[in-house]
Structures are given as structure tokens and as C-alpha cells.
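Colleague: When you get a sec, could you give me coordinates for this:
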Amino acid sequence: MEKLNYEKKRFLDCIKLYAYNTRKRMCKILLEHYDREKEVLPALSMIVERGGYVKLESGRLRVQLRRFKNLEIDYAARGLCEDLNRMDPMTLDKYRMPIWFDVS
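Modeller: Numbers count the residues shown, from 1 in each chain. The predicted structure is shown next:
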């Protein structure tokens, strides 16, 4: 039992570390489009937690966020989407569909 608890803790720690590093990298990318360094984490949370639409169009998975009322956040979200699209993201399943991010 003790060994299983240790393995479970190690697995959860790896997930937490991956999530932390991903958030840190996304903040770096977002800082290229958003000038307020102290507010970058709340801005990233607003963008990532934003509702939107997911649609399959001609073999491409399109993730479209709703527009933001705050023009600075809207500009930053559009820039973040462009940077993510340049990385050519794909789904991790067997279909390997390309993903396209944008703001409506």
C-alpha cells in the first residue's frame, strides 16, 4: 500500500509540474502581446477559461473564443492564438487533426 501511495504521489507531482511549466510558458508567450507583466497571469486565466466554440471543418479542429470586451485582452488573445497556430498543434489521438485557434 505504501508503495502504491508513493507512485500515486509521484504521478500527481508530475502532472502539477507539467501544468506549472505550461502556464509559465504561456505567460511568456502572452507577454509579447500584453504589456502589463504583473497582470499577465489573470489575463491568461481570462483567455484560457473563456467560452467559445469547437467545430470540425474540413479535417481541421477549429477552436474559436468569443470576443473580449476589454480591447487589451482581446488583442492579447488574438496574438496568443496566432503564436499557438504557428506551432502547428495537432490532436493527440489516432486521427492527428490539426487545431486552429482564433477569436471571433
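Colleague: Which stretches in the chain count as strands?
Modeller: 52-57, 60-65, 99-103 (DSSP state E).
Colleague: which neighbours does the shortest one have in its sheet, and in what orientation?
Modeller: This means strand 99-103. strand 60-65 (parallel) (DSSP bridges).
Colleague: follow-up on the earlier one: of the strands of the chain, which is nearest residue 24?
Modeller: Nearest of the strands of the chain to residue 24, taken as CB to CB: strand 99-103 at 19.3 Å. For glycine as for every other residue, the C-beta is placed from the backbone atoms N, C-alpha and C.
Colleague: how much does the closest one deviate in direction from strand 52-57?
Modeller: In terms of direction (axes from the mean of the first three to the mean of the last three CA atoms, to 10 degrees), strand 99-103 departs from strand 52-57 by 140 degrees.
Colleague: buried residues in strand 99-103?
Modeller: Buried positions in strand 99-103, judged by neighbour count with 16 or more other CB atoms under 10 Å: 99, 100, 101, 103.
Colleague: The nearest residue to residue 63 once chain neighbours are set aside and residue 81, how far apart?
Modeller: Sequence neighbours aside, residue 101 is the residue nearest to residue 63 in space, at 5.0 Å (criterion: CB to CB, 6 or more residues apart in numbering). Plainly put, residue 101 is 4 Å away from residue 81 if you go by CB to CB, to the nearest Å.
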